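**Q** What shape does this take:
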Amino acid sequence: MFDIHRVEVDWGGRPLVLETGKVARQADGAVMASYGETKVLATVVSAKSPKPGQDFFPLTVNYQEKAFAAGKIPGGYFKREGRPSEHETLTSRLIDRPIRPLFADGYKNDTQVIITVLSHDMENAPDILAMVAASAALTLSGVPFMGPIGGARVGYINGEYVLNPAVDDMAESALDLVVAGTGDAVLMVESEAKELDEDTMLGAVMFGHKGFQTVIDAIIKLAETAAKEPRDLVLPDHSALFAQIKGIAEDDLKAAYKIISKTDRKNAVDAAKAKVVESLITNGGDEAPEATVVGELFKKLEAEIVRGGILDTGTRIDGRDLSTVRAISSEVGILPRAHGSALFTRGETQGLVVGTLGTGEDEQFIDLLEGTMKEHFMLHYNFPPYSVGETGRMGSPGRREIGHGKLAWRAVHPMLPAHHEFPYTIRVVSEITESNGSSSMATVCGTSLALMDAGVPLKAPVAGIAMGLIKEGDRFAVLSDILGDEDHLGDMDFKVAGSENGITALQMDIKIDGITEEIMKVALAQAKDGRIHILGEMAKAITEARSELGEHAPRIEMMKIPVDKIREVIGSGGKVIREIVEKTGAKVNIEDDGTVKVASADGKAIKAAVNWINSIAAEPEVGVIYEGTVVKCVDFGAFVNFFGARDGLVHISQLAPKKVAKVTDVVKEGDKVWVKLMGFDERGKVRLSMKVVDQETGKELEREEKKEEA
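**A** Predicted structure coming up:
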């Protein structure tokens, strides 16, 4: 019934199994992949022909995690998986990026790759296995995919590279790097690092590339017995039409790409294209070519002019040389009510970045197959259409917004203070107000500035820079701080972020069939120079975190109570803690280990809540002076509320240094007084004294204290 083909190899000390022929047989390609006891199913389906007028390659990658893979039932009202989580979206992008450039030029058939996590052993992360399975399914499908690719995660633990570390081991790693590529070259890198130097990062990339060669060999072995016949891909010859377009628009485009202003340059390019359209389509009659074909060839001419000019002259579109960074302006504190804010402008790219500090109540709960976790650092990136002078849809963030935000998150995250040292929930929002190249790196710079403006004690400021590549044959040029046009028409988008001490995040995407170690080395060195320059420009606005939080930011005070007192502080059904919050106005968060965080913008509210909690969870100390309130006067003394709900007696002999005839001659109900806890009598009753304390200052009267002790 089944025609099963199976390959098993040892990869990083664990068995990797690739199997096809049993599940999802109606898909063009389907592979069940297992690594340890983690198991994923990858399927590929591609339409037999493109849609008429299709002018782009419609590839969709959907990575989905099923709750049953970890023996769980989804939360929420409907108890079923819903819209993709941020993690699923990021993993979909992670797989899309290295496979997209390997489809044959001109292939425009609708193609969908779906990867489903079926089992997770909590040891082997499914994202890398998903990438491997997708590569294998594409290789078997018969679509014109110039793979296979491999992928691997690289950790850096105790000064050693580790291939595909276990999930628990990643907590000890100074690096989380994912690399993908072919047998000959690297196609994609995504990483977060703890200020590692360029040589260490490059070594990690090459270690990972070497580490997944076993996977590529296994996929090829499986394909030798199970791959479908390759599809025929016959592309029309448009050389004559390209020559026509070149004759009409070449001079105009060369002139346009000497214009420095993005808006003026775009207008000039649009005019050149309109000239081509009018000549070949509007006036072309029945022999007029398709508009989509003309558009593709016009873009090809643009690339030829821009790329050739850079390689031949070393001069770029806006007149810069290969390594110069555009002019930078940094400002902080521009929004009066925000906890921290910054406006970072680099050339025609600008980000308005705002930091907000919150409490434990503001932490984000994230459901993963590994379990539910709380995140206290969130970074949200928005790219409104006006930033590029266009109209467009406004709605929930797309994959691009989520991906760019996560890249900036990775860049800044290693530099945040430990949560127990700075117990705030931090949210950063980056609004891109202008864009002409690398708004994600502008977000990194703006985030660093805004957080320092908010008083967040970063370990060091962080900056980011985007590098580009133009490669023709053996000639190549690495470009620092790329423009949007250089990104669209170039071969690489290589983003590097970090401090003066080292790299904290690295992301690389290649549009050609890979790059070599030599090119990566040049790009990393050039990026370091650019990053140090940008940090210097940022330092003109602010160099370190402000010594105090902003006026409108909440203050948080931490305290520790015995674990067995947590129940008393919370109260039945949360009654006590709700009363504390309502009466004091402070927010209170209690953790399982007895850590209590009390937050408010009002210092008096924090003090009141802390005192209240102490009165429940702590015991008053003998010899300590407390401020209290007289709650009742009797013939033999006054009862004083001095420690939360606890009252004690100040005997008439302890009211004042001189003999007192009548209690009410000294105190009345409602009076604020200072008392010292002298001890407890044989029945456990509290003994307080006022006469040993200066009632004006609350300071102990040393002479009187000695008399009392005597």
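**Q** switch to C-alpha atoms for all contacts and neighbour counts from now on
**A** Fine.
**Q** host element of residue 302?
**A** Following DSSP states H and E, one finds residue 302 within helix 291-313.
**Q** for that helix, which positions count as buried?
**A** With burial defined by 16 or more other Cα atoms under 10 Å, the residues of helix 291-313 counted as buried are 293-294, 297-298, 301-303, 305-307, 309-311.
**Q** Average pLDDT for it, rounded please.
**A** Per-residue pLDDT values over helix 291-313 give a mean of 91.
**Q** what does it contact?
**A** 53-55, 242, 245-246, 250, 253-254, 257, 273, 277, 281, 315-317, 470, 475-477, 486, 489-490 (Cα atoms under 8 Å, 6 or more residues apart in numbering).
**Q** how about a cut-off of 7 Å?
**A** 53, 55, 242, 245, 246, 254, 316, 470, 476, 477, 489 (Cα atoms under 7 Å, 6 or more residues apart in numbering).
**Q** helices and strands around the helix or strand just after it, which ones?
**A** Following helix 291-313 in sequence order, the next helix or strand is strand 328-332 (DSSP H and E). Judged by 3 or more Cα pairs under 7 Å, 6 or more residues apart in numbering; DSSP states H and E, strand 328-332 is in contact with strand 340-346, helix 439-454.
**Q** quick one, the last one and strand 328-332 angle?
**A** When you say that, I think you mean helix 439-454. Helix 439-454 runs at 30 degrees relative to strand 328-332, counting by axes from the mean of the first three to the mean of the last three Cα atoms, to 10 degrees.
**Q** roughly how far is the next helix-or-strand element following helix 439-454 from the heart of the chain?
**A** Where DSSP H and E defines the elements, the next helix or strand beyond helix 439-454 is strand 463-472. How far strand 463-472 lies from its chain's middle: 21 Å, per Cα atoms, centre = their mean, to the nearest Å.
**Q** Can I get the next helix or strand after strand 463-472 as PDB, trimmed to CA atoms?
**A** Using DSSP H and E, the helix or strand that follows strand 463-472 towards the C-terminus is strand 475-480. Only the C-alpha atoms of strand 475-480 are listed here, as PDB (Å, rounded to 0.1, in the frame of the first residue of the first chain):
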ATOM      1  CA  ARG A 475      33.900  41.100  -8.700                       C
ATOM      2  CA  PHE A 476      32.100  42.300  -5.600                       C
ATOM      3  CA  ALA A 477      31.500  45.400  -3.600                       C
ATOM      4  CA  VAL A 478      30.300  45.500   0.000                       C
ATOM      5  CA  LEU A 479      28.100  48.600   0.800                       C
ATOM      6  CA  SER A 480      27.700  50.200   4.200                       C
END
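**Q** that older thread, looking at the helices and strands packed on strand 328-332, spot the one closest to residue 390.
**A** Among the helices and strands packed on strand 328-332, the nearest to residue 390 by Cα to Cα is helix 439-454 (16.2 Å).
**Q** Restricting to C-alpha, output the closest one in PDB.
**A** C-alpha atoms of helix 439-454 as PDB (Å, rounded to 0.1, in the frame of the first residue of the first chain):
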ATOM      1  CA  SER A 439      14.500  50.900   9.300                       C
ATOM      2  CA  SER A 440      15.100  47.900  11.500                       C
ATOM      3  CA  MET A 441      18.600  49.100  12.300                       C
ATOM      4  CA  ALA A 442      17.200  52.600  12.900                       C
ATOM      5  CA  THR A 443      14.900  50.900  15.400                       C
ATOM      6  CA  VAL A 444      17.900  49.400  17.200                       C
ATOM      7  CA  CYS A 445      19.600  52.800  17.500                       C
ATOM      8  CA  GLY A 446      16.400  54.600  18.500                       C
ATOM      9  CA  THR A 447      15.500  51.900  21.100                       C
ATOM     10  CA  SER A 448      18.900  52.200  22.800                       C
ATOM     11  CA  LEU A 449      18.500  56.000  23.000                       C
ATOM     12  CA  ALA A 450      14.900  55.800  24.300                       C
ATOM     13  CA  LEU A 451      15.700  53.300  27.000                       C
ATOM     14  CA  MET A 452      18.600  55.300  28.200                       C
ATOM     15  CA  ASP A 453      16.300  58.400  28.200                       C
ATOM     16  CA  ALA A 454      13.900  56.400  30.300                       C
END
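**Q** Now do that helix and strand 340-346, the angle between them.
**A** Relative orientation of helix 439-454 with respect to strand 340-346: 140 degrees, computed using the same axes, to 10 degrees.
**Q** tell me what helix 439-454 is packed against?
**A** Short answer (3+ Cα pairs under 7 Å, 6+ apart): helix 439-454 packs on strand 328-332, strand 340-346, strand 349-358, helix 399-412, strand 425-434, strand 463-472.
**Q** Which other helices and strands does the third one contact?
**A** To tie it back to what came earlier, the one meant is strand 349-358. By 3+ Cα pairs under 7 Å, 6+ apart, strand 349-358 packs against strand 340-346, strand 425-434, helix 439-454.
**Q** quick check: angle from the following helix or strand past that strand to strand 425-434?
**A** Next in sequence after strand 349-358, counting helices and strands by DSSP H and E, comes strand 364-368. Orientation check (the same axes, to 10 degrees): strand 364-368 against strand 425-434 gives 90 degrees.
**Q** quick one: strand 364-368 to chain centroid distance?
**A** Using Cα atoms, centre = their mean, the offset of strand 364-368 from its chain centre is 14 Å.
**Q** neighbouring strands for that strand, and are they parallel or not?
**A** Sheet partners assigned to strand 364-368 using DSSP bridges are listed as strand 371-375 (antiparallel).
**Q** quick one: low-confidence parts of this structure?
**A** For the chain, applying pLDDT under 70 flags the ranges 644-645, 703-710.
**Q** Which parts of the stretch 551-700 of the chain are strands?
**A** 555-560, 587-590, 595-600, 625-634, 637-643, 646-651, 672-680, 686-689 (DSSP state E, counting those that start in this stretch).
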